[in-house]
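Colleague: Model the following, please.
(chains A and B)
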Protein chains: 2
Amino acid sequence: MPHTNRRVFLRQYREGLPLLEDFGIEDVEITSVPEGHALVRVDTLSMDAWIRTTLTPGSFHETADLGSTIRALGVGQVVESASDALVVGDWVFGPLSAQTHALMPAAALTKLDLSNSLQPRDFVGPLGLTTGLTAWVGLIAVAEVKAGDVVLVSGAAGAVGSMVVQLAKAHGARVIGIAGGPEKGRFVTEKLGADYAIDYKAGHVDAELRAAAPGGIDVFFDNVGGELLDIALDNLAPANARIAICGAISQYSDLGNVRGPRLYLRLAERNAMMKGFVVTHYAARFGEAKAEIAALMRDGKVNLPEHVVEGIDHFAEALLMLFAGGHTGNLLVQP
Amino acid sequence: MPHTNRRVFLRQYREGLPLLEDFGIEDVEITSVPEGHALVRVDTLSMDAWIRTTLTPGSFHETADLGSTIRALGVGQVVESASDALVVGDWVFGPLSAQTHALMPAAALTKLDLSNSLQPRDFVGPLGLTTGLTAWVGLIAVAEVKAGDVVLVSGAAGAVGSMVVQLAKAHGARVIGIAGGPEKGRFVTEKLGADYAIDYKAGHVDAELRAAAPGGIDVFFDNVGGELLDIALDNLAPANARIAICGAISQYSDLGNVRGPRLYLRLAERNAMMKGFVVTHYAARFGEAKAEIAALMRDGKVNLPEHVVEGIDHFAEALLMLFAGGHTGNLLVQP
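Modeller: The predicted structure follows:
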């Protein structure tokens, strides 16, 4: 002690996509660690779409106060501890936020189990709450994927989508991924192993999907919303399809004016289900999920490519990249 | 033989609500009953919202051909039979259509079990496929209602809604019904036993619902769609609510331009499910459903008030009444 914490904070609210000027950066000194707290050197932050929804009042996650550090989940290492639960050197996961050092109640942190050759960064990757566990819960607990299903995934080149593609293949499904541009399409088929990729930017999603899945889709894992959700609804299998609503990244910049699925009556026509999920509601199954994903990692069946942005000063750029679609795989920031 | 059949047929397609002039009436002679067929005197027809969706090309049920008899489900009595499966005098249920006499393959007809004091008309009422069974399937098999749930029902004064209200009460739920106008509201609370009725025509559905269900709703049984669906989504309980999409009578006049639920992301925010259903997909549970409903009828806990229109010549008026909301309870036509 003391430690200098460099943090990214919210300077102003904006309707629509945030701009770089909406974020500020400053250094603050941390001079003491209160009882029950730990000071964590932030190692890696997970760039998640939900972060965007905290930046505008009235959106569905809690809104960040002006001046507050931008929220983010991440992993880090304890550098000071005033808690019996943690010692210096422990690796932890938690809501560390966009900063180099996080001073937090120990109770908000989860100590990582790094047995079986797992690396800290796996816990914001294949085993991350907002990445691998979200994919597992949506695909397996919510959509109940089974062998032989035709699975459609939007945002297939993103972190969650990449995991969904690989988990669905591991469960014996036929997998169609939607992503933007031919390069991401190749990533989805060649790197992730999807059977087919649809480039939504080419503008023929409906026709391509009808050709690729003439019998309809059994599972749609939706990260994007908007028009893609309507196209998926129109291509549901004749009965018992399941749509897992994970997110709607196409709609987060204007949550007051979301495009609802105009074809939602397909659910009634085709005896289909659309279910949203909050990943933490399925915490009772995280052990099962982690064990399955870790085993698939060891077998080489799950591998989540990373796109790492270095330096906390580039946090805001990385966040905007998430929405511009300028990355493939798991977008991470290393402060 | 011969018998004169008076039938209502489709004269022309129309965008939007049909008009009386879109229907024709004519008498045709039936001079013989082919092998395997039966001639049925149509006793009572069920006026169902799905009929409307057959009258416009491109809507989700099969479209009726011009000149064809308007489809409808009903009960009737066999007056001639050329099938071993049926004898004169048998009561049957089936797609009898808008006419006084239906000449049909015996295989398309289901012989009624009139034991336990059941009446033929019960099979287009509390035990009808599109009325009681639809209510049971949506509420019990799809939404899995349980004691203590807060259940919201739209179209609560209609045939399906009336059954949902009573079944939900029988299952120990607290029930809020939405209907149009104070008279229907009294019907929903006083005749059907709902705990609370909201008059959507008064224009304060959201505020009334918030006051009546401050903890949110656990089940929404939707017959109406449109704005009411968004209001329900906004008032879902914090977790694990279930929406059963039975229909969307507010949208059937312009199925090319359905209002999708803009607040569908509440499903993701609140870990909630929206499931459509095709009642016939649950045929394996009809025995259970009929036994339960029949028992509730005997105990006086289910009673479906009827609004009977007499004369096949008034079939089209009755159909339009269904959409204008000019009835309460089960709208039936007796040819």
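
Colleague: What are the phi and psi values at residue A:135?
Modeller: Main-chain dihedrals, residue A:135, degrees, to the nearest 10: phi -60, psi -50.

Colleague: so the nearest residue to it once chain neighbours are set aside is in which element?
Modeller: On the basis of CB to CB, 6 or more residues apart in numbering or on different chains, the spatially nearest residue to residue A:135 that is not a chain neighbour turns out to be residue A:163, at 3.5 Å. Quick note: C-beta positions are derived from backbone N, CA and C, even for glycine. Assigned by DSSP states H and E, residue A:163 falls within helix A:159-170.

Colleague: and that helix, what does it pack onto?
Modeller: Taking 3 or more CB pairs under 8 Å, 6 or more residues apart in numbering or on different chains; DSSP states H and E as the contact definition, the neighbouring helices and strands of helix A:159-170 are helix A:132-136, strand A:150-154, strand A:174-179, strand A:219-222, helix A:286-298, strand A:330-334.

Colleague: after the third one comes which helix or strand?
Modeller: Towards the C-terminus, the helix or strand next in line after strand A:174-179, according to DSSP H and E, is helix A:182-186.

Colleague: strand partners of the next helix or strand along the chain from that following helix, parallel vs antiparallel please.
Modeller: For helix A:182-186, the succeeding helix or strand toward the C-terminus, using DSSP H and E, is strand A:196-199. With DSSP bridges as the criterion, the sheet partners recorded for strand A:196-199 are strand A:174-179 (parallel).

Colleague: what about the worst-scoring helix or strand of chain A on mean pLDDT and chain B, any contact?
Modeller: Averaged element by element with mean pLDDT, DSSP states H and E, chain A has its least confident helix or strand at helix A:49-53 (a mean of 88). No: Helix A:49-53 lies out of reach of chain B by CB under 8 Å from any CB of the partner chain, never closer than 9.6 Å.

Colleague: So which residues make contact with that helix?
Modeller: With CB atoms under 8 Å, 6 or more residues apart in numbering or on different chains as the contact definition, helix A:49-53 has outside contacts at A:18, A:59-61, A:70-72, A:130, A:223, A:247, A:249, A:252-253, A:255, A:319, A:322-323.

Colleague: one more time with 10 Å, if that's ok
Modeller: Identification of contacts with helix A:49-53 by CB atoms under 10 Å, 6 or more residues apart in numbering or on different chains yields A:17-18, A:45, A:59-64, A:70-73, A:97-98, A:130, A:134, A:155, A:158-160, A:223-224, A:246-249, A:251-253, A:255, A:315, A:319-320, A:322-323, B:265, B:269.

Colleague: of those, buried ones?
Modeller: Of the members of the contacts of helix A:49-53, the ones counted as buried by neighbours, 16 or more other CB atoms under 10 Å in any protein chain shown, are A:17-18, A:45, A:59-60, A:63-64, A:70-73, A:97-98, A:130, A:134, A:155, A:158-160, A:223-224, A:246-249, A:251-253, A:255, A:315, A:319-320, A:322, B:265, B:269.

Colleague: how deep is residue A:333 tucked in, by neighbour count?
Modeller: Using other CB atoms under 10 Å in any protein chain shown, residue A:333 is surrounded by 26 other residues.

Colleague: Could you do residue A:197 as well?
Modeller: Using other CB under 10 Å, residue A:197 has 25 other residues around it.

Colleague: In CSV, list the C-alpha atoms belonging to stretch A:121-137.
Modeller: Once non-C-alpha atoms are left out, stretch A:121-137 reads as follows in CSV (Å, rounded to 0.1, in the frame of the first residue of the first chain):
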residue,chain,number,x,y,z
ARG,A,121,-8.8,-16.6,-17.9
ASP,A,122,-10.9,-19.7,-18.5
PHE,A,123,-13.3,-18.2,-15.9
VAL,A,124,-14.0,-15.3,-18.2
GLY,A,125,-14.0,-17.7,-21.1
PRO,A,126,-15.3,-21.2,-21.5
LEU,A,127,-16.2,-21.3,-17.8
GLY,A,128,-17.3,-17.7,-17.5
LEU,A,129,-20.7,-16.7,-16.1
THR,A,130,-21.6,-14.5,-19.1
THR,A,131,-19.9,-16.7,-21.7
GLY,A,132,-19.6,-20.5,-21.3
LEU,A,133,-22.2,-20.8,-18.5
THR,A,134,-24.6,-18.6,-20.3
ALA,A,135,-24.3,-20.7,-23.4
TRP,A,136,-24.7,-23.9,-21.5
VAL,A,137,-27.7,-22.8,-19.5
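
Colleague: Any idea how far that stretch is from the middle of the chain?
Modeller: 8 Å (CA atoms, centre = their mean, to the nearest Å).

Colleague: Same question for stretch A:48-63.
Modeller: Mean-position distance between stretch A:48-63 and its chain equals 14 Å (CA atoms, centre = their mean).

Colleague: measure it end to end?
Modeller: Between the start and the finish of stretch A:48-63 there is a gap of 15 Å, counting by CA to CA, to the nearest Å.

Colleague: same question, stretch A:138-158
Modeller: Taking CA to CA, the first and last residues of stretch A:138-158 lie 15 Å apart.

Colleague: quick one: buried residues of that stretch?
Modeller: Using 16+ other CB under 10 Å, the residues of stretch A:138-158 that count as buried are A:138-143, A:145, A:149-158.

Colleague: what's the answer for stretch A:274-292, then?
Modeller: Residues A:274-279, A:282, A:286, A:289-290, A:292 are the ones in stretch A:274-292 that count as buried (16+ other CB under 10 Å).

Colleague: Next: stretch A:225-232.
Modeller: Of the residues in stretch A:225-232, those scored as buried under the neighbour-count criterion (16+ other CB under 10 Å) are A:225-226, A:228-232.

Colleague: next SSE after the least confident helix or strand of chain A?
Modeller: Per DSSP H and E, the first helix or strand lying C-terminal to helix A:49-53 is strand A:73-81.

Colleague: now that next one: mean pLDDT?
Modeller: The predicted model gives strand A:73-81 an average pLDDT of 98.

Colleague: Is chain B within reach of that strand?
Modeller: No: contact between strand A:73-81 and chain B, assessed by CB under 10 Å from any CB of the partner chain, is absent, since the two come no nearer than 17.5 Å.

Colleague: What pairs with that strand, parallel or antiparallel?
Modeller: According to DSSP bridges, strand A:73-81 has the following sheet partners: strand A:37-46 (antiparallel), strand A:91-94 (antiparallel).

Colleague: mind listing the helices for the stretch 201-335 of chain A?
Modeller: Secondary structure of the stretch 201-335 of chain A (DSSP state H, counting those that start in this stretch): helices located at A:205-212, A:227-234, A:266-269, A:286-298, A:315-324.

Colleague: right, so of those, which gets closest to chain B?
Modeller: Closest of the helices of the stretch 201-335 of chain A to chain B is helix A:266-269, at 3.0 Å (criterion: CB to the nearest CB).

Colleague: How far away from the center of its chain is that closest one?
Modeller: Relative to its chain's centre, helix A:266-269 lies at 29 Å (CA atoms, centre = their mean).

Colleague: Per-residue pLDDT of residue A:90, please?
Modeller: 98.

Colleague: oh, I was asking about residue A:181
Modeller: The pLDDT attached to residue A:181 in the predicted structure is 94.

Colleague: Please name the nearest non-neighbouring residue to residue A:18.
Modeller: Distance criterion CB to CB, 6+ apart; nearest residue to residue A:18, sequence neighbours excluded, is residue A:55 at 5.6 Å.

Colleague: For the one you found, which residues are in contact?
Modeller: Applying CB under 10 Å, 6+ apart, we find residue A:55 in contact with A:10, A:12-14, A:17-18, A:22-23, A:61, A:63-64, A:70-71, A:252, A:319.

Colleague: can you rerun that using 7 Å?
Modeller: Residue A:55 makes contact with A:10, A:13, A:18, A:64 under the criterion CB atoms under 7 Å, 6 or more residues apart in numbering or on different chains.

Colleague: what sits up against stretch A:134-148?
Modeller: When contacts are defined by CB under 7 Å, 6+ apart, stretch A:134-148 is touched by residues A:151, A:160, A:163-164, A:167-168, A:171-173, A:219, A:221, A:242, A:244, A:246, A:275, A:277, A:279, A:282, A:285, A:289, A:293.
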